[in-house]
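Asker: Show me how the following folds:
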Amino acid sequence: MKKLENRVAVVTGGSRGIGKGIALAFAKEGANIVFSFRCNEQAAQSTVKEIEACGVRALAIQADAGREEDVKRLAQTIEKEFGKINILVNNAGTIGLEVPVTEMETSEWDRVINTDLRGVFLNCKYLIPLMAKGQGEPVGKIINISSELSKKGRAGYGHYAAAKGAINSFTMCLALEMAPDILVNIIAPGPIETDMILADMEPEWVEKEKDIPLQRLGKVEEISAAALLLASDDGNFFCGQFVSPNGGAVFF
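Answerer: Okay, the predicted model is just below:
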């Protein structure tokens with residue numbers, strides 16, 4: 001039997017990058033997948049086809065993670081289509097512009113905090129009530145995607161690091177509130193090779209990111225493997241934990 005057979009997993013920001021990798025890893029282990037995406041309909045439909053090729057159901061829903069009405073609609077659609085969920089991965093986020101605090105526009109600060117932090121709160125608020133509980137149901141799982149920068153910071157990314165640091169604290173509070181029926185944990189990736197980074201960042205920046213003990217960027221599959229561990233029954237003794245596949249970029 002597959003590790004996530006007949007479970008329903010929701011992945012926010014699941015049309016590309018780490019979110020897509022996690023969604024596909026879960027689908028290969030038997031989970032039906034719902035994922036949200038902000039605007040790229042073409043990428044979303046392509047991901048739906050890849051997920052369905054694993055023999056499970058896939059549903060893509062346009063929703064801005066930081067917009068309350070969108071998240072409410074997301075929850076309503078999921079309840080109508082599936083009735084319940086077992087796993088929530090809060091992955092949707094943006095890194096924001098590289099700019100010193102004294103030069104940062106308030107609108108840029110608000111934009112990153114809205115997506116990266118408020119989005120996690122909203123999706124937890126409206127999707128936790130759909131988590132299956134009771135006899136015969138697997139333990140519910142919530143995985144919040146943070147970052148190594150939440151611990152070590154980086155000049156020019158105060159908004160991003162602050163949002164991710166707040167996610168860490170929020171996760172610990174939520175873990176205390178939800179246990180033992182729902183287990184809440186953090187994955188904090190290091191530098192990962194995604195299509196977004198390779199397309200949006202200068203080659204010099206990418207090479208600088210490789211200046212870590214493992215001397216390379218991480219692979220999306222290495223993050224999805226950690227997510228699968230936490231989401232499956234193999235992760236039933238993880239609660240409020242900070243899991244950081246980062247290639248030695250920072251030690252905890």
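
Asker: rest of the way, CA atoms for contacts and neighbours
Answerer: Noted.

Asker: V139 and K133 touch, don't they?
Answerer: Yes. Using Cα atoms under 8 Å, V139 is in contact with K133, at 7.4 Å.

Asker: The two: who's more crowded?
Answerer: Between V139 and K133, V139 has the larger neighbour count (other Cα atoms under 10 Å), namely 21 against 16.

Asker: And that one, how far from L174?
Answerer: Using Cα to Cα, to the nearest Å, V139 is found at 15 Å from L174.

Asker: so where does S224 fall, helix or strand?
Answerer: Assigned by DSSP states H and E, S224 falls within helix 220-231.

Asker: Can you tell me what sits against that helix?
Answerer: Residues outside helix 220-231 that contact it (Cα atoms under 8 Å, 6 or more residues apart in numbering) are 17-18, 21-22, 25-26, 87, 141-143, 185, 187, 189, 192-194, 235-236, 238, 243, 245.

Asker: so of the residues you listed, which ones are in helices?
Answerer: Judged by DSSP state H, these include G17, I18, G21, I22, A25, F26 as members of helices.

Asker: What's the local residue count around the third one?
Answerer: Spelled out, that is G21. Around G21 there are 23 residues (other Cα under 10 Å).

Asker: need the contact list for it.
Answerer: Neighbouring residues of G21 by Cα under 8 Å, 6+ apart: G14, V220, E221, I223, S224.

Asker: Next step: the contacts of helix 220-231 restricted to strands.
Answerer: I87, K141, I142, I143, N185, I187, I192, E193, V243 (DSSP state E).

Asker: Kindly give a single PyMOL line that selects the buried subset of these.
Answerer: Per 16 or more other Cα atoms under 10 Å, the buried members of the ones in strands among the contacts of helix 220-231 correspond to this PyMOL selection:
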select buried, resi 87+141+142+143+185+187+192+193+243
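
Asker: circling back: by neighbours, which of the contacts of G21 wins?
Answerer: Of these, with other Cα under 10 Å as the count, G14 tops at 30 neighbours.
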